[in-house]
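Participant: For reference, the sequence and a predicted model appear below.
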Amino acid sequence: MTEKQQTGASGEAATVEWLRRHGFMIEALNWRSGRDEIDIVATRFDRIHFVEVKTRHSGSMTSPEEAINERKLKALRRCAAAYMAQHRVRLEPQFDLAAVESMPDGSCAVRYVENAMQYGW
């Protein structure tokens with residue numbers, strides 16, 4: 001596994017832990033539809049959350065939030081629609097962002113942004 005892959009995996013693991021501590025049920029990890037992928041699918045209350053995880057090293061030139069572009073958003077929407085159709089989901093969908101900062105000591109700080117698309121994501 002490359003360093004970049006390890007950083008991403010640690011960010012996803014930290015996000016799963018954060019979600020569970022905050023009452024989310026994890027439904028799927030790294031769910032794929034063709035070339036598109038959703039990092040985490042989780043449910044809580046009456047919503048299904050499609051979570052994009054972006055991890056950066058502490059002090060990185062760009063923030064995790066800056067790593068999202070329109071192409072990624074379109075892919076996420078396509079993949080979420082495929083997931084909902086395949087699993088016959090009737091819950092209200094929500095697109096969230098987990099912006100994770102990887103610290104020098106190996107720990108991760110998770111900033112969770114619900115309804116991230118509504119905030120210009």
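Facilitator: Good, I have the coordinates.
Participant: use CA for all of it now, contacts and neighbours both
Facilitator: Will do.
Participant: what's the helix or strand for the residue most central in space within the chain?
Facilitator: Residue closest to the mean C-alpha point of the chain, counted by C-alpha atoms, centre = their mean, is Glu52 at 2.3 Å. Assigned by DSSP states H and E, Glu52 belongs to strand 47-57.
Participant: Tell me which residues are up against that strand.
Facilitator: The contact list for strand 47-57, computed with C-alpha atoms under 8 Å, 6 or more residues apart in numbering, reads 7-8, 11-12, 15, 38-43, 62-65, 67, 80, 91-104.
Participant: Could you check that strand and say which residues are buried?
Facilitator: Within strand 47-57, the residues that count as buried by 16 or more other C-alpha atoms under 10 Å are Ile48, His49, Phe50, Val51, Glu52, Val53, Lys54, Thr55, Arg56, His57.
Participant: tell me the mean pLDDT for the longest helix along the chain?
Facilitator: Counting residues, the longest helix in the chain under DSSP state H turns out to be helix 3-21. Summarised as a single mean, pLDDT over helix 3-21 is 93.
Participant: From the chain's centroid, how far away is whatever helix or strand Lys72 lives in?
Facilitator: Counting by DSSP H and E, the element that carries Lys72 is helix 70-86. Distance, stretch centre to chain centre, for helix 70-86: 13 Å (C-alpha atoms, centre = their mean, to the nearest Å).
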